[in-house]
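only geometry, no sequence info:
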């Protein structure tokens, strides 16, 4: 079907465009001759918008103008006028421990909003020694006041207490997700899942210290690990549109798959594991809840394309 440039860029940002089985990094990505490009177009979901009664403190109102007294805690729109570095946001993550909001832009620029101030980090964007993909695919929270950037060149720690950059792990491959579980780090990459055990006694910036979790651990090899989630003492990882589960973090078994659907995200922030599913044949997408015993509940009218 005919698609506009902006529509295709949106599909790329949502991970629905793949080149040789891997998510496209950006709209300007170079394509080798013979490469196989797949585009997954989600079905159109009817919008269900209903009016909501809100108690507003209206100071003045006529047919053309309304003046509202915004109380503390009300929403505030931030723009470049307020100090943001751009408008092309790609990833946003709130870190409750540090009360900070981390914003990543399409050009790999980063803003951190903390204590009413905006701190800009342009080191990744301006670093000429980083060759290739600088895209920031995901921002994950650690157990404390740290955020971790999954990028096209590796894993980057951002200390939000200061704020300042921490370690960088150069992987020479795309990193799609990160999870901190106890004293272990898990990193989902384009080649699969990596583990850094006993972090307190290890050097996370040394990629040779990380262990690849492949066929010997029950995980398939040669496929990207797109999501990693720790929940209730277990580790969940998405590989090849299947979710694998581990109780000890190093031996995995298949936990869930649904033929005909691609897994858009998994999240452990709800009481049960929530999973976003995109239908491969144009049928409605959906979000489901998975309990620890594998039982499943479908949630009505949820957008599976929303980032977690």
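Received it, and whenever you're ready, just let me know what you need. All figures in this text were calculated on a predicted structure; none of them were measured in a lab. Numbers count the residues shown, from 1 in each chain.

who does residue 89 bridge with?
Note on residue 89: beta-bridge partners by DSSP bridges are residue 105.

got a list of what it touches?
103, 104, 105, 106 (CB atoms under 8 Å, 6 or more residues apart in numbering). Placement of C-beta: from N, CA and C, glycine included.

and it, how far from residue 248?
To residue 248, residue 89 is 38 Å away according to CB to CB, to the nearest Å.

by neighbours, which of the contacts of residue 89 wins?
Tallying neighbours with other CB atoms under 10 Å puts residue 104 at the head of the contacts of residue 89, with 25 neighbours.

if we can go back for a sec, out of the contacts of residue 89, who's nearest residue 26?
Closest to residue 26 out of the contacts of residue 89 is residue 106 (7.5 Å), distances taken as CB to CB.

any idea how far residue 138 is from residue 152?
Counting by CB to CB, the gap from residue 138 to residue 152 is 11 Å.

what's the answer for residue 202, then?
Separation of residue 202 from residue 152 (CB to CB): 24 Å.

these two: which is more packed in?
Neighbour totals were compared for residue 202 and residue 152, and residue 152 leads with 21 against 15 (other CB under 10 Å).

can you check the pLDDT for the more buried one?
Here, the pLDDT recorded for residue 152 equals 97.

next one: the one 5 residues further on
Reading off the confidence values, residue 157 has pLDDT 97.

who's in contact with it?
So residue 157 contacts 142, 146, 147, 148, 149, 165, 166, 167, 168, 204 (CB under 8 Å, 6+ apart).

repeat that for residue 213.
Residue 213 neighbours (CB under 8 Å, 6+ apart): 192, 193, 194, 195, 219, 250, 252.

okay, and the beta partners of the residue lying closest to it once chain neighbours are set aside?
In this structure, residue 213 finds its nearest non-sequential neighbour in residue 193, 4.6 Å apart by CB to CB, 6 or more residues apart in numbering. When assigned by DSSP bridges, residue 193 has beta-bridge partners residue 188, residue 213.

next one: residue 120
Beta bridges link residue 120 to residue 111, judged by DSSP bridges.

how far away is it from residue 33?
According to CB to CB, residue 120 and residue 33 sit 40 Å apart.

which one of the two has more residues nearby?
Applying other CB under 10 Å to residue 120 and residue 33 shows that residue 120 carries more neighbours, namely 14 against 4.

the more buried one contacts residue 111, correct?
Yes: here residue 120 reaches residue 111: they are 5.6 Å apart, a contact under CB atoms under 8 Å.

find residues that contact each of the two.
Contact with both residue 120 and residue 111 is made by residues residue 85, according to CB under 8 Å, 6+ apart.

return the distance of stretch 210-225 from the chain's centre.
Relative to the centre of its chain, stretch 210-225 is centred 20 Å away, using CA atoms, centre = their mean, to the nearest Å.

in that stretch, what counts as buried?
Residues of stretch 210-225 classed as buried by neighbour count (16 or more other CB atoms under 10 Å): 210, 213, 217, 219, 223, 224, 225.

roughly how far does the third one sit from residue 225?
Think residue 217. Residue 217 is 12 Å from residue 225, by CB to CB.

cool, and residue 99?
30 Å.

tally of neighbours for residue 86?
Residue 86 is flanked by 14 other residues according to other CB under 10 Å.

and the pLDDT for it?
87.

assign a three-state SS to it, would you?
The local conformation at residue 86, judged by DSSP: H, G, I helix; E, B strand; the rest coil, is coil.

so what's the closest residue in space to it that isn't next to it in sequence up against?
Once flanking residues are discounted, residue 86 sits nearest to residue 105: 4.6 Å by CB to CB, 6+ apart. For residue 105, the contact set (CB under 8 Å, 6+ apart) comprises 85, 86, 88, 89, 90, 111.

quick one on the thing from earlier: dump the contacts of residue 89 into JSON lines; add pLDDT and distance to residue 156 as well.
As requested, those are exported to JSON lines (pLDDT from 0 to 100; distance: CB to CB, whole Å):
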{"residue": "103", "pLDDT": "95", "distance to residue 156": "15"}
{"residue": "104", "pLDDT": "96", "distance to residue 156": "11"}
{"residue": "105", "pLDDT": "95", "distance to residue 156": "15"}
{"residue": "106", "pLDDT": "94", "distance to residue 156": "17"}
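
where does the stretch 1-150 of the chain have low pLDDT?
Applying pLDDT under 70 to the stretch 1-150 of the chain picks out residues 1-2, 27, 43-52, 59-67, 70-76.
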